[in-house]
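Participant: here's my sequence, what's the structure:
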Amino acid sequence: MKSYTITVNGVAYDVTVEEGSGNAAPAAAPKAAPKAAPKAAPAAKPAAAAAGAIEVKASVPGKVCKIEANVGQALKAGDPIVILEAMKMEIPVVAPQDGTLAGINVAVGDAVENGAVLASMN
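Facilitator: Residues are numbered from 1 along each chain as shown. Now for the predicted structure:
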């Protein structure tokens, strides 16, 4: 027998698997494992929403997979700021005009909706 702890949607389950005969006989109902310790609170994101006059918004819903620019960096129109992953494609979110990046409102791994403010520029 082998024992495993499997986490599904944040809930941990202890599962015991028998090795051997290959007979698929029904087993007793699995017991729920004790609740996993709560995750640490996510790090506070920089409050940059009001930092710049120009909002850079997501054009599609997706997941932030890379941040290309740094706060304070001078950008030209079309320079990539954030890379979103949507439907297994990487989609760059670019500067709409020349300016300075005032703040980034997301972190790598964040899920964002269409129209969400990702960054701000001056």
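Participant: for K66, see how far away the most centrally placed residue in the chain is.
Facilitator: Geometric centre of the chain, nearest residue: G109, 2.3 Å, by C-alpha atoms, centre = their mean. Distance, G109 to K66, using C-beta to C-beta, to the nearest Å: 10 Å. For every residue, glycine as well, the C-beta is placed using N, CA and C.
Participant: and what of V8?
Facilitator: Noted for V8: a distance of 28 Å to K66, by C-beta to C-beta.
Participant: between these two, which has more neighbouring residues?
Facilitator: K66 (12 against 7; other C-beta atoms under 10 Å).
Participant: hang on, the earlier thing: tell me who's in contact with the residue nearest to the centre of the chain.
Facilitator: Counting by C-beta atoms under 8 Å, 6 or more residues apart in numbering, G109 makes contact with K63, V64.
Participant: pLDDT wise, what is it at?
Facilitator: Note on G109: pLDDT of 93.
Participant: cool, the one 4 residues further on as well?
Facilitator: We note a pLDDT of 94 for E113 in this prediction.
Participant: which non-adjacent residue is nearest it?
Facilitator: P61 (5.0 Å; C-beta to C-beta, 6 or more residues apart in numbering).
Participant: can you pull the contacts of the one you found?
Facilitator: Contacts for P61 (C-beta under 8 Å, 6+ apart) come out as A86, A111, V112, E113, N114.
Participant: nearest to A53, of those residues?
Facilitator: Comparing the contacts of P61 against A53 with C-beta to C-beta picks out V112 as the nearest, at 20.9 Å.
Participant: over to the closest residue in space to the closest one that isn't next to it in sequence: give its phi and psi.
Facilitator: Excluding its sequence neighbours, the residue lying closest to V112 (C-beta to C-beta, 6+ apart) is A58, at 4.8 Å. Backbone geometry at A58, expressed as degrees, to the nearest 10, gives phi -70, psi 130.
Participant: my guess is A58 meets D110, correct?
Facilitator: No - applying C-beta atoms under 8 Å, one finds A58 not in contact with D110, separated by 10.3 Å.
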